[in-house]
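[1] Below are the sequence and a predicted model for it; my questions follow.
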Amino acid sequence: MGWPAVTSEEWVWDPPSDRVGPTRAERSAVGRTYRAALPARLAALDLPISSRVAAQAEEAVAEMRAFDAESTGELASLAAILLRSESASSSQIENLTASARAVAEAEVTHAGRGNAALVVANVEAMVAAVELADRLDATAILRMQDVLLRDTAPHLVGWRAEPVWIGPGGSTPLTADFVAPHHSRIRDSIEDLIRFSARDDLPVLAQTAVAHAQFETIHPFADGNGRTGRALVHALLRAKGITRHVTIPVSGGLLHDRDGYIAALDAYRAGDLEPIVTAFALAGLRAVHHGRLMRERIAAVRDQWQHRVRARRDSAVWRLADALLAHPVVDAATAARQLGISETNVHRHLRVLADAGVLVPTNHHKARRVLWRAPDVLTVMDAYARDVGRRG
């Protein structure tokens, strides 16, 4: 039995007057009929994938489990770096890019705008997704999107109440390439998706890939669907026990072939689920590869610091250095909290690391205070972004 293609149903576009777009095409389309997607119910379906695709997915799961098990111990800070890098890659799929330094500074100052602030919000959404993995329901999904948008677009938080569509500039629901389901279908579709995701009789990575594709087909929000949908992936990986310690950078793997990922979502809607399962299997394997490179590079940075820093082995300087591996930009207040000492006393530890070239102080004009950044760590993170962003 094949996989059911997304069908469609007819609706009249009748938005409130304040939601009609500014173009003549949008205004002229009001009151006319359009066809919105009608996704199949998944909850009771099996996953008809070939043995080849199933084996590829199982190989990816085995590698992801192995990497997660390896990523403990001395470099626990790797988890924080991978989480931030994964969030940046997920944002980059939506063409939202920011340097590692801009993101790290925005985390400390809360004064960033533009893409850096959006990536920070995506980090927080990923954290929420992992924390909610053991109670994944409609409320949890709403929470992920709320965390993602409440500071940058609070008016778009929550289930949408109007059509959304994918198409070229100037398109309307009548001319779009894809129109998501009518908003009256959202809650039932999400509940069906949750029941499907809760099953424990399906191959995990295939189930996760299909759940993600179904979420993107439902497109339940006016904004943030892609980033929330990829946060949902990490909630499922944690819920299914594939990850326990780190956020494996699957979005980085998808970014490597962004066009293939989008084509796989289109194929899913046409009734072929194998491309999206294959895309996630390859993304998982790439994620492990890049994650191991990240771990090696961070370990090399730590080794270099061992030779450059002049401090006793029991000095708080080393605890601060380890904290910088996870959070490569700090101010004095942040560093003091990390060490559990007063802000007055933390400055001498910051100066030791600055004298060794580990930290560089900068007057941040927006925050109106000095920020201290660890260029070696930021360089590793930017190298990761370049690596995963290369098209393949």
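    Structure's in. What do you need? Numbers count the residues shown, from 1 in each chain.
[2] The stretch 101-250 of the chain: helices as residue ranges?
    115-131, 138-149, 186-198, 204-218, 225-239, 250-255 (DSSP state H, counting those that start in this stretch).
[3] I'd like those helices as JSON lines, with mean pLDDT appended.
    Putting these into JSON lines (pLDDT from 0 to 100) gives the following:
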{"stretch": "helix 115-131", "mean pLDDT": "90"}
{"stretch": "helix 138-149", "mean pLDDT": "95"}
{"stretch": "helix 186-198", "mean pLDDT": "97"}
{"stretch": "helix 204-218", "mean pLDDT": "98"}
{"stretch": "helix 225-239", "mean pLDDT": "95"}
{"stretch": "helix 250-255", "mean pLDDT": "94"}
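[4] what stretches of the chain score poorly on pLDDT?
    Scanning the chain for pLDDT under 70 picks out 1, 16-23, 73-76, 112-113, 365-367, 390-392.
[5] Can you find which helix in it contains the most residues?
    When the chain is parsed with DSSP state H, its longest helix is helix 274-308.
[6] mind checking how far the residue of the chain most remote from its centre is from residue 185?
    Distance from the centre of the chain peaks at residue 312, with 39.2 Å (C-alpha atoms, centre = their mean). Note on residue 312: its distance to residue 185, by C-beta to C-beta, to the nearest Å, is 64 Å. Placement of C-beta: from N, CA and C, glycine included.
[7] and residue 258, how far is that from residue 264?
    Counting by C-beta to C-beta, the gap from residue 258 to residue 264 is 11 Å.
[8] Spit out the residues that contact the two alike.
    Residues touching both residue 258 and residue 264 (C-beta atoms under 8 Å, 6 or more residues apart in numbering): none.
[9] between the two, which one's more packed in?
    residue 264 (22 against 15; other C-beta atoms under 10 Å).
[10] Tell me which residues of the helix or strand where that one lies come out buried.
    Residue 264 belongs to helix 258-269 when assigned by DSSP states H and E. Across helix 258-269, burial judged by 16 or more other C-beta atoms under 10 Å covers 260, 261, 262, 264, 265, 267, 268, 269.
[11] could the residues you listed be laid out in JSON lines, adding distance to residue 11?
    Compiled in JSON lines, the buried residues of helix 258-269 are given as follows (distance: C-beta to C-beta, whole Å):
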{"residue": "260", "distance to residue 11": "31"}
{"residue": "261", "distance to residue 11": "29"}
{"residue": "262", "distance to residue 11": "25"}
{"residue": "264", "distance to residue 11": "27"}
{"residue": "265", "distance to residue 11": "22"}
{"residue": "267", "distance to residue 11": "25"}
{"residue": "268", "distance to residue 11": "22"}
{"residue": "269", "distance to residue 11": "18"}
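[12] Would you mind measuring from residue 61 to residue 280?
    Residue 61 is 10 Å from residue 280, by C-beta to C-beta.
[13] Show me which of the two is the more surrounded one.
    Using other C-beta under 10 Å as the criterion, residue 61 and residue 280 rank with residue 280 on top: 27 against 20.
[14] which residues touch the residue nearest to residue 389 when sequence neighbours are not counted?
    Distances taken as C-beta to C-beta, 6 or more residues apart in numbering put residue 255 closest to residue 389, at 6.0 Å, once the chain neighbours are dropped. Neighbouring residues of residue 255 by C-beta under 8 Å, 6+ apart: 89, 92, 93, 388, 389.
[15] Most neighbours out of those residues, which is it?
    Neighbour-wise, the contacts of residue 255 (other C-beta under 10 Å) top out at residue 89, 27 neighbours.
[16] Make sure it is actually in contact with residue 256.
    No - contact criterion C-beta atoms under 8 Å: residue 89 and residue 256 do not qualify, at 9.3 Å.
[17] so what sits against both of those two?
    If you check residue 89 and residue 256 against C-beta under 8 Å, 6+ apart, the residues they both contact are residue 388.
[18] Now for residue 145, how many residues are close by?
    Residue 145 has 26 nearby residues by other C-beta under 10 Å.
[19] Same check on residue 64?
    23.
[20] how much space between it and residue 385?
    For residue 64, the distance to residue 385 - C-beta to C-beta - is 21 Å.
[21] can you check residue 312 too?
    36 Å.
[22] repeat for residue 305
    With the distance defined as C-beta to C-beta, residue 305 ends up 22 Å from residue 385.
[23] my read: residue 163 touches residue 180, true?
    Yes - in this structure residue 163 lies within contact range of residue 180 using C-beta under 8 Å: 7.1 Å.
[24] And the two? Which one has more around it.
    A direct count of neighbours by other C-beta under 10 Å for residue 163 and residue 180 places residue 180 higher, at 25 against 22.
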